[in-house]
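Q: My questions concern the predicted model and sequence given below.
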Amino acid sequence: MSNGRIEPGGRRDIGVFASSVAAVIGRFSGTEPPKLFRVLGKNRRVFVGWLHFAGRLMPGGSLPRRETELVILRVAHLRGCDYEFAHHDRLGRRIGLTEGDVERVRRGPAEPGWSPRERAMIAAVDLLHHERDLDDQSWAALRAWLGEREVIELCLLAGHYEMLATVIATLRITPDRPVR
């Protein structure tokens, strides 16, 4: 299987910091050190800034982890990003997502079984993906459940994973090999 347009770097290419981060995330997620980190790590300056920003959203965001993973999985599904979906499927299951949750993410906000808050969030992700905006009705539905800080974070989270899906697709980064 091809490793994509940019070969993932080793410690010599990406440095001790990025190499260590990739190793820890790989151990946590049950895969080889993620190729995404080993590719982005080749631009060390951008990698550090991106990692800080990404870490503030996940895992360091204020939204509950379950909701964060549901949002990320929905973005990955809508974008057809197998890399992102596989990675967050594994991470989501570590924090308690079930097969039913993951299947519901694939089917969308109309699927039975969502809490009203989750349904509003998944519907917002769909609109952000398709329209790059939220209409007033969707905004009101979202604001019924999320405070200002949470809605800002949701928009940044969905937008960030849209951006990552673009980078992953463009660089042809393939899913990481599970190690357990």
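A: Happy to help now that I have it. Numbering: from 1, shown residues only.
Q: In the protein, where is pLDDT below threshold?
A: 1-2, 180 (pLDDT under 70).
Q: Show me the domain layout of it.
A: Domain segmentation of the chain under the TED database yields 14-57, 65-170.
Q: Now distance to residue 6 and mean neighbour count too, for the ones you listed, in TSV please.
A: To be clear about C-beta, it is placed using only N, CA and C from the backbone, and glycine gets the same treatment. Converted to TSV, the domains of the chain look like this (distance: least, Cβ to Cβ, whole Å; neighbours: other Cβ atoms under 10 Å):
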stretch	distance to residue 6	mean neighbour count
domain 14-57	5	18
domain 65-170	10	17
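Q: would you turn these into CSV with distance to residue 4?
A: Putting these into CSV (distance: least, Cβ to Cβ, whole Å) gives the following:
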stretch, distance to residue 4
domain 14-57, 7
domain 65-170, 9
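Q: Show the contacting residues for residue 103.
A: Contact analysis of residue 103 by Cβ atoms under 8 Å, 6 or more residues apart in numbering lists nothing.
Q: which stretch of helix or strand covers it?
A: In this assignment (DSSP states H and E), residue 103 forms part of helix 99-107.
Q: starting at the chain centroid, how far to that helix?
A: Centroid displacement of helix 99-107 relative to its chain, using Cα atoms, centre = their mean, to the nearest Å, is 15 Å.
Q: Using PDB, list the CA coordinates for it.
A: Taking Å, rounded to 0.1, in the frame of the first residue of the first chain, the C-alpha atoms of helix 99-107 are listed here in PDB:
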ATOM      1  CA  GLU A  99     -21.100   0.200  17.000                       C
ATOM      2  CA  GLY A 100     -24.700   1.600  17.000                       C
ATOM      3  CA  ASP A 101     -23.300   5.100  17.600                       C
ATOM      4  CA  VAL A 102     -20.900   4.800  14.700                       C
ATOM      5  CA  GLU A 103     -23.500   3.400  12.400                       C
ATOM      6  CA  ARG A 104     -25.900   6.300  13.400                       C
ATOM      7  CA  VAL A 105     -23.100   8.800  12.500                       C
ATOM      8  CA  ARG A 106     -23.000   7.300   9.000                       C
ATOM      9  CA  ARG A 107     -26.800   7.600   8.600                       C
END
